[in-house]
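Engineer: Generate coordinates for the sequence data below:
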Amino acid sequence: SAVYALYVGQSKQQVMEMEQAWANFAPHIRLITFVSNDQHLLKPILRAIHKLHVLATKQHVHVLVAIPQLVTTKKQHALLHNHHAFMLKQALLDYPDISVLTIPFRVTR
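Structural biologist: Predicted coordinates:
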């Protein structure tokens, strides 16, 4: 089995910086990157997951998608920042053989 990480940056510069940091942080995990603005975040991620799903099905392995969920002290901030995670989880319901894992990401200020 293989582990992949997906990263969506808002610019080529952001993506390059993440790729450099990732090479030091987790070189054994392949990083798939995209440049996209907030309005078009879901489609490139779903395309990548679909491609990985097709590959996994051919290899008879299971796909687990881990999605970070921002935990904040103010509920309105959580609603504002977690809408992409919610939309991704909803879209993945179309794939009954993909498991979704939500990982709390706590922000303290």
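Engineer: Next, the buried residues of the longest helix along the chain.
Structural biologist: Secondary structure of the chain per DSSP state H: the longest helix is helix 42-58. Burial within helix 42-58, assessed by neighbour count using 16 or more other Cβ atoms under 10 Å, is assigned to L42, P44, I45, L46, A48, I49, L52, H53, A56. All C-beta spots, glycine's among them, are computed from the backbone N, C-alpha and C.
Engineer: tell me the mean pLDDT over it?
Structural biologist: The average pLDDT within helix 42-58 is 89.
Engineer: again with stretch 7-18
Structural biologist: 91.
Engineer: Need the contact partners of that stretch.
Structural biologist: Applying Cβ atoms under 8 Å, 6 or more residues apart in numbering, the contact partners of stretch 7-18 are W22, L31, I32, T33, F34, V35, S36, N37, D38, L41, P44, I45.
Engineer: repeat that with 7 Å
Structural biologist: With contacts defined as Cβ atoms under 7 Å, 6 or more residues apart in numbering, stretch 7-18 is touched by L31, T33, F34, V35, S36, N37, L41, P44, I45.
Engineer: which residues of this structure fall in helices?
Structural biologist: So, for the chain - with DSSP H - the helices run 12-25, 42-58, 75-81, 83-91.
Engineer: can you list those helices in a markdown table and add distance to L101?
Structural biologist: Shown next, in a markdown table, are the helices of the chain (distance: least, Cβ to Cβ, whole Å):
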| stretch | distance to L101 |
| --- | --- |
| helix 12-25 | 20 |
| helix 42-58 | 13 |
| helix 75-81 | 18 |
| helix 83-91 | 10 |
